[in-house]
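Engineer: From the sequence below, what's the structure:
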Amino acid sequence: MQIDAHQTRDPVIHDTQFVQEHPTVLRVMNLALPLLVMVPRARFVASMGLGGYQVYCLSRDCRGSKEAIRLVYVTSILGLQAFRPAIAAVIQTLLEFAINTQDLRRNPSMGKASLRFMRSLFDTLALRWGGSSLLIGAMTLQIVLELMESKEEFKQGRRLEGVAHLLFSAIRGYQLAPHVKQAKRDWFGRELTQEDLYQILEKKQLHEGRFDFNKALEEGNYKSTLKRLDFSRPEGMDAPLSFSQVDFRNVTFEQCGFSDAHLMQNIFDRVVFKQCHFGGAIFNESYFRNSQFLDSSLRSSYLHSCQIENVTFERCDLFEASFCFTRAKEARLLNCQLTDCLLLDAKKDFKIEGGTPHTMTRPIVGISWNFKREGFGMMTDAIAYALEKEETMVLRVESSPEEVDPMRLEEEMKIYLATTQERANIPQGLLAHAKEGSEIAKVLKRASVLLEHVDAFVLPGGVDIEPELYGEVRALTTYTEDDFRRSFQELALLQRAKEMDKQVLGICRGAQLINVFHGGTLHQHVEGHFDAMHEMKNRSSHPLAEQLIGGNIAGVSRHHQAIKEIGKGLELILEAEGVPKLVMNQRFIASQFHPEAYLWMEEGENREKNRNFFRVFKNSISH
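Structural biologist: Presented below is the predicted three-dimensional model:
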């Protein structure tokens, strides 16, 4: 159970005067409320219950302006707590400060009034400047108030109430201790150096499961504000630093570099980033809570499948940053650079104020990507680069999403194959018979959401396609993904692209999957088509094919499987040594050769023909 010992009773919402006629109920409520308000969910329930009862009583017996003002306030706060809790918390803090200030003016000699005023003053200052010192001050004063209340209760013979206040002070003291330790480290601890950071990373590599970064700072007596550190890929290292599956809490990063850093599946709780650089950083599947990005560059960073709660991005550069399948609550984009920011479906969850308007200046092309393996290799990187050279925005999409259960997905496929005799087109049959709530239905829904925000999609190369999808037994030469998530996600994208009239380009494995989607089959192994250059002649009069390749083209092949029977509705365009190299229809282009290889070709006509493939594809996109 999560407890926030900093929380106290709201002087208006948690006012128990409306139950004065029920002494027993009143006593129970006064005993329980201070504890309930420390538990976020219980606080919400208590606020709704007491506030709702107040609204009922006030609307029934409203006799003047004072009751009317209170009714409006309580109703407003209840609505804000339900839909905008952060705003409600600010208003309640300011109101409590105003009430305690008034009490102090009336009774300047009262010790408790002075303490309440000071506590609410610290809370109010914390709204603007934050900081552990103000929190420590507020919680210390609340503990003193609880002890004073306990002493008074014992004096008046109310032992149960006295014990309750002692308990509340003990809970607050227990939660105050780590804040005091952190403040001590911040005042007297050591600055974390780059060498110290590498030592912490070495500890992480030896640690199984999630890694507590704050604990590592405590063990080394390091300050919680980290300055001018580089979390990027160091010189001489083939891979970026991996800080995935790490819990970051109560940490401030100032002028730190995170370019290309792997920060996946992390927890960022009460974390502040000031003037940091995140070019290409990967935050996928992370949870952000009560955190801030200030004056930082998140250009081309990835925040996919994240949960964002009460987070502010202020004066940040979000050019080409992407928020694919991310959900946000109480999230703000203040005075940010939002041109070509790929907010996608998350845009509706953000409050946007100031900055450059959120506009898209280029067509968006999605591409399947494996973030855990940095793409699918050199050729996939080349495809993305070739698309970017033609002035498109490339949205890299995780090919094997964590939210899809691979075991259930495979089981659903096996059940379908065991219960149907239809083998003409297994992929479209599986998708058509997806039951609501199934993993296949979940994948189809993801495809629908994604294709609403992209103008086209690219299926790149990779390992072999599962033979079960085209009705054959797996050969010894076939090497597939560990599970079916990638194939099903891409098949779902093809299905939804067909329905939504979106352009799809498949290269190598992607071309083979387009063929399988249309009911075609594959050779599980062919010789002479891996790292080979073939001269190919256009066998079609298809207008788009003529634009793509002209009369003939020489292309690089890097595949060991190949299209066998061409799927229904696809037309053969290019062939080499009896193997189809390019098949297509009006919307789907399936190329078993690699036009992106032009990036390594010598200048000349054939290089321009291969590059032209991407120019024509871009021009065919509806934008």
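Engineer: Sticking with Ile514, tell me its helix or strand.
Structural biologist: Assigned by DSSP states H and E, Ile514 belongs to helix 509-517.
Engineer: The closest residue to Gly528 other than its chain neighbours - how many residues pack around it?
Structural biologist: Excluding the flanking residues, the one nearest Gly528 by CB to CB, 6 or more residues apart in numbering is Glu577, at 6.6 Å. (Glycine included, C-beta is placed from N, CA and C.) Counted with other CB atoms under 10 Å, residues neighbouring Glu577 total 14.
Engineer: ok, Glu577 - contacts?
Structural biologist: Listed by CB atoms under 8 Å, 6 or more residues apart in numbering, the contact partners of Glu577 are 528-529, 534.
Engineer: Sort out which of these are buried, if you could.
Structural biologist: 529, 534 (16 or more other CB atoms under 10 Å).
Engineer: which one of the contacts of Glu577 is nearest Gly157?
Structural biologist: Nearest to Gly157 among these: His529, at 92.6 Å, using CB to CB.
Engineer: buried residues in the helix ranked longest in the chain?
Structural biologist: Across the chain, the longest stretch assigned as helix under DSSP state H is helix 159-188. By neighbour count on 16+ other CB under 10 Å, the buried set for helix 159-188 is 161-162, 164-166, 168-169, 171-173, 176, 179, 182-183, 185-186.
Engineer: packing partners for the helix or strand just after it?
Structural biologist: Moving toward the C-terminus from helix 159-188, the first helix or strand encountered (DSSP H and E) is helix 194-206. Secondary-structure packing of helix 194-206 (3 or more CB pairs under 8 Å, 6 or more residues apart in numbering; DSSP states H and E): helix 213-219.
Engineer: residues in contact with the helix it packs on?
Structural biologist: 181, 185, 192, 200, 203-204, 223-224, 243, 246-251.
Engineer: can you do 6 Å?
Structural biologist: 200, 246, 248-249 (CB atoms under 6 Å, 6 or more residues apart in numbering).
Engineer: how close does the residue lying closest to Gly257 once chain neighbours are set aside get to Lys564?
Structural biologist: Nearest non-adjacent residue to Gly257, counting by CB to CB, 6+ apart: Asp230, 4.5 Å away. Distance, Asp230 to Lys564, by CB to CB, to the nearest Å: 51 Å.
Engineer: Endpoint to endpoint, stretch 517-533 covers what distance?
Structural biologist: 27 Å (CA to CA, to the nearest Å).
Engineer: follow-up on the earlier one: elements contacting the helix holding Ile514?
Structural biologist: helix 485-500, strand 588-591 (3 or more CB pairs under 6 Å, 6 or more residues apart in numbering; DSSP states H and E).
Engineer: wait, doesn't Asn290 sit right on Arg270?
Structural biologist: Yes. Counting by CB atoms under 6 Å, Asn290 does reach Arg270; the two are 4.9 Å apart.
Engineer: Let me see the confidence value for Phe376.
Structural biologist: With respect to pLDDT, Phe376 scores 67.
Engineer: Leu36 versus Glu149, what's the distance?
Structural biologist: 17 Å.
Engineer: Out of the contacts of Glu577, which is nearest to Ile87?
Structural biologist: His529 (61.8 Å).
Engineer: so what's the closest one closest to, chain neighbours aside?
Structural biologist: Ser557 (4.6 Å).
Engineer: swap in Glu422?
Structural biologist: Per CB to CB, 6+ apart, closest to Glu422 is Gly429, 5.3 Å.
Engineer: secondary structure element for that neighbour?
Structural biologist: Going by DSSP H and E, Gly429 is in helix 426-432.
Engineer: Quick one: name whatever helix or strand follows that helix.
Structural biologist: As the chain continues past helix 426-432, the following element, by DSSP H and E, is helix 439-451.
Engineer: can you state the direction angle for that following helix and helix 485-500?
Structural biologist: Helix 439-451 runs at 60 degrees relative to helix 485-500, counting by axes from the mean of the first three to the mean of the last three CA atoms, to 10 degrees.
Engineer: after helix 439-451 comes which helix or strand?
Structural biologist: Downstream of helix 439-451 (by DSSP H and E), the next one is strand 456-459.
Engineer: Could you tell me how far that next one lies from the centre of the chain?
Structural biologist: Relative to its chain's centre, strand 456-459 lies at 22 Å (CA atoms, centre = their mean, to the nearest Å).
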